[in-house]
Each structure stands twice: as C-alpha cells, then as structure tokens.
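Engineer: Here's my sequence, what's the structure:
(one chain, ligands or ions: 1)
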Amino acid sequence: MDNRSDIWRGVDTIKARFIDLSDRVWGMPEVCYTEARSAAEHLAELRHQGFRITEQVAGIPTAVMGEWGEGGPVIAFMGEYDALPGLSQEAGVAEHRPIEAGGHGHGCGHNLLGSAALLAATAVKDWLGENKVPGRVRYYGCPAEEGGAAKAFMVRSGAFEDADIAITWHPHSFWEVAVTPSLANTRADFIFTGRTSHAAASPHLGRSALDAVELMNVGVNYMREHMPSDARVHYALLDTGGIAPNVVQAHARVRYSIRARDLPGMNELVERVSKIAQGAALMTETKVEMKIISAVSNILPNTPLEQALHRVMEELGPPHFDEADKSFARQIRATLSDKDISSVYYAIGMEPTDRPLADFLVPLDAKRNPLVGSTDVGDVSWVVPTVQVHAPTVAIGTPFHTWQVVAQGKSAHAHKAMVQAAKAMAGLGIKALTDSELIKAAKADLQKRTAKTPYVCPLPDHVAPPLDMSVA
Ligand SMILES: Nc1ccc(C(=O)N[C@@H](CCC(=O)O)C(=O)O)cc1
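Structural biologist: Next up is the predicted model:
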C-alpha cells in the first residue's frame, strides 16, 4: 500500500491543471488580504475536485479550506497565494522589465507555493479514494503570509485544532528539507500626533510628529548594539506628515518589524522599542499610540517528520532540468552578484559551484549558516507537527523579494520544481496515512518541545486580522 510511485504517477496525471493555476495566479498578483481573485481560483479548484469547503476561515475573506475523506488521521497541506508590492515584472526575461510601474509581483513564488500544495492535497485525495483507506486530507489556502500572519489568526480561531500533521513547502534555490528555524516577528505601527503651526512665523507653537519619528528611529538604532545578534529590527515610514517643510508635521507614522529567536526574546524587544517611542514623544511633546498589526512565532522543528521527509526526497530525487532550463537559469545567474550566489551556498555550508540550478539533495545534517526571515508557518508548527520542503524554483543564488523571482515564476524550471515539491509532500502524506508510528512520533516530538514552553499566541486578544493593512 505504501507505494509512493503510485502517488507520484497520480501527481503527474493531474499536474497540468495546477501548473495553469499557478500561472494564472502569477498573472493576478494580489498583496496581503486583498487576494480575492487568487483565493477564488483556489476555491474553484477545490470545488472542481470535490472537496468539502469552508470559506472565510477565521473570518478572513481570502482564507479557504477544503477537506476530503472520512475517519483516520487528518493530513493538512498549506498553501499561500499573496504577492508583494512594487515587484511588477515580465516573465521569462533576464532583465528588469516591469509590466506596470508600481505594480505588484510574485516575488516570493507564492503562486507556485499555493498551487503545488493544492496539487499534493488533490493527489492524496485521489489516492485515498482509490485505496479506500480511512483518512482525511485538507488544503488550507492561507493569505497574507508577507506580514499579515494569517496562519497565526487561523491557529487562534482553532482551524488547525484537529489536524494530525501539517505539510507545506517554499520556493528556494535548493532541494532540501527546510530545517532552519525562522524568527518570531511582530509588526507594530507607532502613530505620533503633535501640533501644526507655521514653521517660520510660529515654530515655537508647533510640536513635530516627524521629529518624534526621527528621534525614535535614532533611539532604536542605538539599541541595536545592545540586542541579541540574531534579533532584527526594521522600519518603514508610512506617513511623514506631508511634503511642506513650512508646515510643522502634526502627524507621522512608522511601521516596525521586530524579530527575535523566540517569543520571550521578541516580547522583550517590543517592550524596549515601545519605551523608545515613549521617550521620543516625551522629548518632542507629542503623543504616541502603538498599534500591533500582526505577529508570528518562530518555527518549531519536528525531527521525525524531517527525517521521514528527507527519505521521501531521497527516493524521489531532485527535479530533472534540461538544457533549456539551465540556459535560462544561467541568464538569470548573470544578473546576480557573486555574493548573492556565495551567500546561499554559505547558508547550506557548501562552497559555490557553477551549477545554474540545484540538482542535488542537501544533506539533512549539512553544516548550515542560515540567515533567516519569518513566516506564519511558525504558529502552525507550535500546535501541529509541521514540516516543509524547499524546492529549486529559481537559479541558485536568486535573492527572494526581487524581480528575478517574478521573472522565473512561470518558467519551465519553476514548474518542474513545483511538481517535485508536490510529489515530496504527497509522498510524505501517504507515508503518514499508512504508518501510524510516524504521526505518533511526530506528536511526541512536538509535546517534548512544548512541555516546558507551551504555545502562547503572539497576537494580543484584541488584535483582529489586519484586513486593511495593504491600504497605506
Ligand atoms: N521560506 C521563506 C519564508 C518566508 C519568507 C519571508 O520573506 N517572509 C516574510 C514574512 C514575515 C512574517 O511573516 O512575519 C519576512 O520574513 O519578512 C521568505 C522565505
């Protein structure tokens, strides 16, 4: 029964629809919580495939869930479909060529991510139907990964409560099990209010909110020296109070992202940044309000799932890239710097090579030197044993959140990598459905890791999904 070549054949049989879905979503890039068309595409495919549908998961208009099967364990596949602002770019060219000035683009490959997760879920559904095995497969269509923390809100609403394991993947330079823990991350707006006045005739009557933002940023930049070296703090100015230097700016807003290795470390930094904001308000005689936008936890690894997934990926092998794939990847590579390339190899503990695309499996125990971001997969990993595939959708060294990712988003090599990711995920799904020991071991691992530090949702109770966060 545990014959993975059946499930892999199943993926091949149906893959064309999902490659089309990925390409369509690539062509309608929608940012955090505005993914109405992309979510509708995923919903339509779930309906077409006969899944039982839940819409508006956690009250989020662009979050969907489909389930199929009866009894048995619940295997959850998670997909994403949000894009990034400012990354509009033509596909299939190795030069920066925006389609629409200021337009959005799939710079993190979530068009591929969502479609391949849905492909894996559908192949497992077909396999369950053919083999008459008890078990349920779910596809969670998750919006707003790029800062919206949708999965953290979905976890808080109980959407993952009865899932036994969760499987997902991410586009990447390499073919590997994702074993790098991510950083906990809070996004908070600091909104300063002062008093306007004529900047020349009555400057003494004005109190500048923009001054407060500048002083806050200076204060935070002084804090950097005295924070853990793996913590991260960055900011974006959302409102500088206007363009007229002769009008004292009465309002200004800065959005902070505050990251650390774990939630206690992050909460400590959030508190320190908040104190600095209050200090800036005190210095400038302005008022400050702090508003948490969203927050995610760090990823909790799961050793049994990582080992099982590694074995599946070994058996499956990397995607087979042909000369045409390599040739386009080489053109993209020519737009990268040597540092772009050496730093991704450094992250997996390898010396750089000339390969344009990854055709090898990174060892599970590679001596990694990772530099990491954050993801809302983190919150799922604290409540359900979770594992992720990395599949080589881009030329080795391609930095994420760049036009180069968008340009490769509909390429033949990206399609091959997304299908291979789906095969790895579906293969692990079948393994879990046929080997009850795996789920047991995965749950024991999660229990052990959370015994002393149980999951605490990083979102304050009063914070609702920031559905309007993309409207600056
Ligand atoms: N395999 C990846 C997972 C996440 C990301 C990423 O860029 N995530 C955003 C999201 C941040 C968040 O969810 O808090 C970031 O780190 O800024 C990139 C690759």
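
Engineer: Please name the nearest non-neighbouring residue to A163.
Structural biologist: A76 (4.1 Å; Cβ to Cβ, 6 or more residues apart in numbering). C-beta coordinates here come from the backbone N, C-alpha and C atoms, glycine included.

Engineer: so how far is the ligand from the one you found?
Structural biologist: Between A76 and the ligand the computed distance is 18 Å (Cβ to the nearest ligand atom, to the nearest Å).

Engineer: looking at this, that residue is in a strand?
Structural biologist: Yes. Applying DSSP: H, G, I helix; E, B strand; the rest coil, one finds A76 inside a strand.

Engineer: In the sheet, which residues pair with it? Tell me.
Structural biologist: R138, A166 (DSSP bridges).

Engineer: So for it, what pLDDT did the model give?
Structural biologist: Looking at A76, its pLDDT reads 98.

Engineer: I'd assumed V384 was in contact with it.
Structural biologist: Yes. Between A76 and V384 there is a contact under Cβ atoms under 8 Å: 6.7 Å.

Engineer: Show the average pLDDT along the helix or strand hosting W8.
Structural biologist: In the assignment (DSSP states H and E), W8 maps to helix 4-26. Helix 4-26 comes out with an average pLDDT of 96.

Engineer: Repeat that for stretch 259-273.
Structural biologist: 97.

Engineer: Next, the buried residues of it.
Structural biologist: 259-261, 263, 265-267, 269-270, 272-273 (16 or more other Cβ atoms under 10 Å).

Engineer: Greatest separation within those residues: which pair is it?
Structural biologist: R261 and V273 (16.4 Å; Cβ to Cβ).

Engineer: if we take the buried residues of stretch 259-273, which one ends up nearest to the ligand?
Structural biologist: The ligand lies nearest to R259 out of these, by Cβ to the nearest ligand atom, at 7.6 Å.

Engineer: list the contacts for the closest one?
Structural biologist: 183-186, 231-233, 266, 374 (Cβ atoms under 8 Å, 6 or more residues apart in numbering).

Engineer: 10 Å - rerun?
Structural biologist: Going by Cβ atoms under 10 Å, 6 or more residues apart in numbering, R259 touches 182-187, 230-234, 265-266, 269, 296, 298, 372-374.

Engineer: Out of the residues you listed, list just those in helices.
Structural biologist: 265-266, 269 (DSSP state H).

Engineer: quick one, phi/psi of whatever residue of the chain ends up closest to the ligand?
Structural biologist: Relative to the ligand, the nearest point of the chain is G373 (2.7 Å; Cβ to the nearest ligand atom). Main-chain dihedrals, G373, degrees, to the nearest 10: phi -100, psi -150.

Engineer: how close does it sit to A412?
Structural biologist: Distance check for G373 against A412: by Cβ to Cβ, to the nearest Å, it reads 27 Å.

Engineer: ok, now A16?
Structural biologist: For A16 relative to A412 (Cβ to Cβ), the value is 13 Å.

Engineer: Count the residues that sit near T168.
Structural biologist: Neighbours of T168 under the rule other Cβ atoms under 10 Å: 28.

Engineer: What average pLDDT does the helix or strand that it is a member of get?
Structural biologist: Here T168 sits within strand 165-172, counting by DSSP H and E. The pLDDT scores in strand 165-172 average 98.

Engineer: What of stretch 319-326?
Structural biologist: 98.

Engineer: Residues touching it, excluding its own?
Structural biologist: In contact with stretch 319-326 (Cβ under 10 Å, 6+ apart) are residues 175, 327-329, 333, 355-359, 391-393, 395, 411-421, 423.

Engineer: My read is that L128 contacts G429, right?
Structural biologist: Yes. With contact defined as Cβ atoms under 10 Å, L128 reaches G429; the gap is 9.4 Å.

Engineer: These two - which one has more neighbours?
Structural biologist: Regarding L128 and G429, a neighbour count based on other Cβ under 10 Å identifies G429 as having more, with 27 against 22.

Engineer: Next, see if the helix or strand that one falls within gets close to the ligand.
Structural biologist: Per DSSP H and E, G429 falls inside helix 412-434. No. Helix 412-434 is not in contact with the ligand by Cβ under 6 Å from any ligand atom; minimum separation 12.1 Å.
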